[in-house]
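Enquirer: just the structure for this:
(one chain, ligands or ions: 1)
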Amino acid sequence: MDRTDVEAAVFASRVSGCLLAGAVGDALGGPIEFSTLFGLRRQYGDAGITDLIYEGPGRTALITDDTQMTLFTVEGLIRFGVRIPGKTAGSAERAVLRALQRWNDTQRYFGPDELPAGDHRTGWLLQQPWLYHRRAPGAACLSGLESRLDGFAEWGRPGNVNPDSKGCGTVMRSAPFGLFATDAPAGFDLAARCAQYTHGHPTGYLAAGATSAIVHHLSRGRELIEAVSMTQELLATYPGHSETSEALRSAVALASQGGATSEKVEMLGGGWVAEEALAIAVYCALTAAETGGPAAAMMRRALLLSVNHSGDSDSTGSICGNLMGAWRGAEAIPSEWLVRLENRETINTLISDFIVALRDAPSLARGVPPWQDRYPGA
Ligand SMILES: [Mg+2]
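Expert: Residues are numbered from 1 along each chain as shown. So this is what the prediction gives:
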């Protein structure tokens, strides 16, 4: 392989790692989302959970709304990438809104056979019955997508939809923007605007932008601490950034003390709100990196720390997985976790389509029929 091939393979592994490790972190945290640290220790011992908890008929580890929304976001971005210019919706934001509306459909109908006709109800992902499970979806995500308001706020001002909400439902679905965007500021803005479809509080959407920017830098080969500090600089240029900046500063300062513990994770909050969820994910990734060792050991440490606390474990696990996977690639995901992930085949299909679309979108956009069938105009 020449250098360009190697770079393409490394990037593909980071894209795949970001999304798969996010799903693994989500599945790790899902069953303990509503457990306290005290309860976790009483039930599982001092270390809390140390492995996936398998559920469901296939004894697989179930993903939750965090991964569901991330997958639909990826689907929206693929559709935008392969669109036929002039024939279909012209903006990535619009494509993502329609994809999120498809996710909203999965939470409101029992399965694809129940769906009424609708012009956004197209494509293969919406036909997957397993995505119709409700796994504690966020209230603002559901109500925001029902409200169908459009338009974006001036940076730092509240958005139109759920203007007081800054739940972590924005951050946990924003990694794909960083993979998709050609530079960090573009990904930041796209993530922050798409966050406003469900959450209008500036911290809610700016933390989503910051998540996208960190993922962007990692997926392009930056080291973890470098990706975080470049993002802090970018974030500081947006009005209304102070809560998110403060949360990131706390995460970096706490990580620099070394000695990661669940108690320290809890000093950063519960992760129910956007800036805390991002801070917890960043703290867990940074401390795992500090301890070093093989990539799979780091991934395991980061993900277990990111879920073993009293807060929103599936979202913090999901975001931490996004960061660790974008940084170290899919090879770093412990294989015994990967093989038990619910519907990994479908997730992998979407991911490999995303990788092809990121690479070849300009030529696919000229209209290759199988692609247009799977990912029709947004
Ligand atoms: Mg969840």
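Enquirer: only C-alpha atoms from now on, for both contacts and neighbour counts.
Expert: Will do.
Enquirer: any idea how far the residue positioned nearest the centre of the chain is from residue 345?
Expert: Geometric centre of the chain, nearest residue: residue 173, 3.6 Å, by CA atoms, centre = their mean. From residue 173 over to residue 345 the distance is 20 Å, taken as CA to CA, to the nearest Å.
Enquirer: that older thread, would you confirm that the residue nearest to the centre of the chain contacts residue 72?
Expert: No: if you go by CA atoms under 8 Å, residue 173 and residue 72 don't touch, sitting 9.1 Å apart.
Enquirer: so what sits against both of those two?
Expert: Listed as contacting both residue 173 and residue 72 by CA atoms under 8 Å, 6 or more residues apart in numbering is no residue at all.
Enquirer: least confident secondary structure element in the protein?
Expert: With mean pLDDT, DSSP states H and E as the measure, the helix or strand of the chain carrying the lowest mean pLDDT is helix 369-374 (a mean of 84).
Enquirer: need the three-state assignment for residue 130.
Expert: Counting by DSSP: H, G, I helix; E, B strand; the rest coil, the backbone at residue 130 sits in helix.
Enquirer: which parts of this structure sit against the ion?
Expert: By CA under 5 Å from the ion, the residues of the chain that approach the ion are 64, 65, 66.
Enquirer: got a winner among those for most neighbours?
Expert: Sorting those by how many neighbours each has (other CA atoms under 10 Å) puts residue 66 first, at 31 neighbours.
Enquirer: that older thread, pull out the buried positions in the least confident helix or strand of the chain.
Expert: Within helix 369-374, the residues that qualify as buried by neighbour count (16 or more other CA atoms under 10 Å) are 371, 372, 374.
Enquirer: for the last one, give its distance to the ion.
Expert: When CA to the ion, to the nearest Å is applied, the distance between residue 374 and the ion equals 27 Å.
Enquirer: list the contacts of that residue.
Expert: Residues touching residue 374, when contacts are defined by CA under 8 Å, 6+ apart, comprise 123, 124.
Enquirer: try residue 91
Expert: The contact partners of residue 91, taken as CA under 8 Å, 6+ apart, are residue 80.
Enquirer: before we move on, the earlier item: show me which of the buried residues of helix 369-374 is closest to residue 115.
Expert: When the buried residues of helix 369-374 are compared for distance to residue 115 (CA to CA), residue 374 comes out closest, at 17.7 Å.
Enquirer: hey, where'd the helices end up in the stretch 51-200 of the chain?
Expert: Counting by DSSP state H, counting those that start in this stretch, the segments of the stretch 51-200 of the chain that form helices are 65-81, 92-108, 139-147, 175-180, 184-195.
Enquirer: out of those helices, which comes closest to residue 333?
Expert: Distance to residue 333, taken as CA to CA, is lowest for helix 65-81 among the helices of the stretch 51-200 of the chain, at 16.2 Å.
Enquirer: only C-alpha atoms, please: export that closest one in PDB.
Expert: These are the backbone C-alpha positions of helix 65-81, laid out as PDB (Å, rounded to 0.1, in the frame of the first residue of the first chain):
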ATOM      1  CA  ASP A  65     -31.400   5.800  22.000                       C
ATOM      2  CA  ASP A  66     -27.900   7.300  22.000                       C
ATOM      3  CA  THR A  67     -26.700   4.900  19.300                       C
ATOM      4  CA  GLN A  68     -30.100   4.900  17.500                       C
ATOM      5  CA  MET A  69     -29.900   8.700  17.100                       C
ATOM      6  CA  THR A  70     -26.300   8.500  16.100                       C
ATOM      7  CA  LEU A  71     -27.000   5.900  13.400                       C
ATOM      8  CA  PHE A  72     -29.800   8.100  11.900                       C
ATOM      9  CA  THR A  73     -27.500  11.100  12.000                       C
ATOM     10  CA  VAL A  74     -25.000   9.100  10.000                       C
ATOM     11  CA  GLU A  75     -27.700   8.100   7.600                       C
ATOM     12  CA  GLY A  76     -28.700  11.700   7.100                       C
ATOM     13  CA  LEU A  77     -25.100  12.700   6.400                       C
ATOM     14  CA  ILE A  78     -24.700   9.900   3.800                       C
ATOM     15  CA  ARG A  79     -27.900  11.000   2.100                       C
ATOM     16  CA  PHE A  80     -26.500  14.500   1.900                       C
ATOM     17  CA  GLY A  81     -23.200  13.200   0.600                       C
END
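Enquirer: nice, that's everything, thank you.
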